[in-house]
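**Q** Whatever this is, show me its structure:
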Amino acid sequence: AGKDGAGKDGAAAAIGARAAEALPEIAPILADAVEAFPRAIQTQINIRRGTKELTLAVRVTSASTQQGGSDFVVTLDDITDLVTAQRTSAWADVARRIAHEIKNPLTPIQLSAERLKRKYGKHITFERDVFDQCTDTIVRQVDDIKRMVDEFASFARMPKARPVRDDLCDCMRQAFFLTRVAHNDVEMTLNLPEAPVFAVFDRRLLSQALTNIVKNAAEGIAAREDVAALDAKRIDISLGVRDGMAEIDVVDNGKGFPAFNRQRLLEPYMTTRAEGTGLGLPIVAKIIEDHGGRLELLDAPSGIGACVRLFIPLGEAGSAAGEGRARTS
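**A** Alright, predicted model coming up:
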């Protein structure tokens, strides 16, 4: 855009108008570049298209033309994965320190409370129920803290995936059985191809990821304000094959994901639940990433609830799956 008789303001308006058609988020940056000419401008922006959010590094450089105008070159770099990896690495270090510092005194606290109850409980005649209630509270709260610390430690020490050729259908059946027993108040369905779907994956880690997603789905249903009015609490799990990738969907009719900053739920300690640690989805995302796949946070097809979609490469083994489906309830 040349600096003609309209001056800088005219150039800025022209640049902003054209940029707004393709990427409205960079229009203010280009206007700043005109004002700062010939100095380069560098910044970061977040853009949202549908449910997908990206972090872009934007750099605008400029130079004078022979005709006395000015040219601008805009460079956009997608640094979404880099920013996420940096945050995850930083939080992993924090989690490691938390787990180390907090876990050590927990066992002595719990053992001391249990010993007090055993040794002195029978000798207390005044307000014995208060004594029992206090010692039980100590033991219970220590167990809760241990659980959170274990999640911190698990996140900090994420084991490296050891993938082998295995049947995804069989893995999902086993995970489905365990989660159905754990959440017997939720109506769950499992939809699998009739033939095996072979891929290269770590069965233990993938089972952990599926269990975690179903647990989140059940908690999302329980968090609905009108949960008592639901005809049924539902979680539908399905497996399909598309473009050389296994596609796993976990759909619920819970409260769903927030419309804004949805991708930040994949960052450590970002949670929308009062009792959540914010580590479940980051652990799942790390597991899927180690398998060369990706994770998407979507709305349920019905518009009510959430859908977590996992993509896992089938690898050279390919898939023996047919188009038919076997439904297990």
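**Q** Return the per-residue confidence for residue 320.
**A** The confidence metric pLDDT takes the value 39 at residue 320.
**Q** for residue 123, same thing?
**A** For residue 123, the model assigns a pLDDT of 80.
**Q** And for residue 240?
**A** On pLDDT, residue 240 comes in at 92.
**Q** Now do the buried residues in the helix or strand where it lies.
**A** Secondary structure from DSSP states H and E places residue 240 in strand 234-242. For strand 234-242, the neighbour count (16 or more other Cβ atoms under 10 Å) marks 234-241 as buried. In this view, the C-beta of every residue, glycine as well, is placed from N, C-alpha and C.
**Q** Over to stretch 61-81?
**A** Buried, per 16+ other Cβ under 10 Å, within stretch 61-81: 62, 70, 72, 74, 80.
**Q** Out of the buried residues of strand 234-242, the closest to residue 123 would be?
**A** residue 235 (50.1 Å; Cβ to Cβ).
**Q** does that closest one have beta-bridge partners, and which?
**A** residue 188, residue 252 (DSSP bridges).
**Q** Next one: residue 185 from residue 209, what distance?
**A** Applying Cβ to Cβ, to the nearest Å, one obtains 23 Å for the distance of residue 185 from residue 209.
**Q** Show me how far stretch 166-178 is from its chain's centre.
**A** Going by Cα atoms, centre = their mean, to the nearest Å, the spacing between the C-alpha centre of stretch 166-178 and its chain's C-alpha centre is 22 Å.
**Q** What of stretch 190-210?
**A** Remark: stretch 190-210 is offset 19 Å from the chain centroid, using Cα atoms, centre = their mean.
**Q** gap between the two ends of it?
**A** Between the opening and closing residues of stretch 190-210 lies a distance of 12 Å (Cα to Cα, to the nearest Å).
**Q** In that stretch, which residues are buried?
**A** For stretch 190-210, the neighbour count (16+ other Cβ under 10 Å) marks 190-193, 195, 197-203, 205-210 as buried.
**Q** Show only the entries of these found in strands.
**A** When the buried residues of stretch 190-210 are checked against strands (DSSP state E), the matches are 190-193, 198-201.
**Q** before we move on, back to that, can I get the buried residues of strand 234-242 in a markdown table with distance to residue 54?
**A** Rendered in a markdown table, the data for those read as follows (distance: Cβ to Cβ, whole Å):
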| residue | distance to residue 54 |
| --- | --- |
| 234 | 32 |
| 235 | 30 |
| 236 | 29 |
| 237 | 29 |
| 238 | 28 |
| 239 | 28 |
| 240 | 26 |
| 241 | 27 |
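**Q** now residue 207, nearest residue through space, not along the chain?
**A** Distances taken as Cβ to Cβ, 6 or more residues apart in numbering place residue 175 nearest to residue 207, at 4.6 Å, with adjacent residues excluded.
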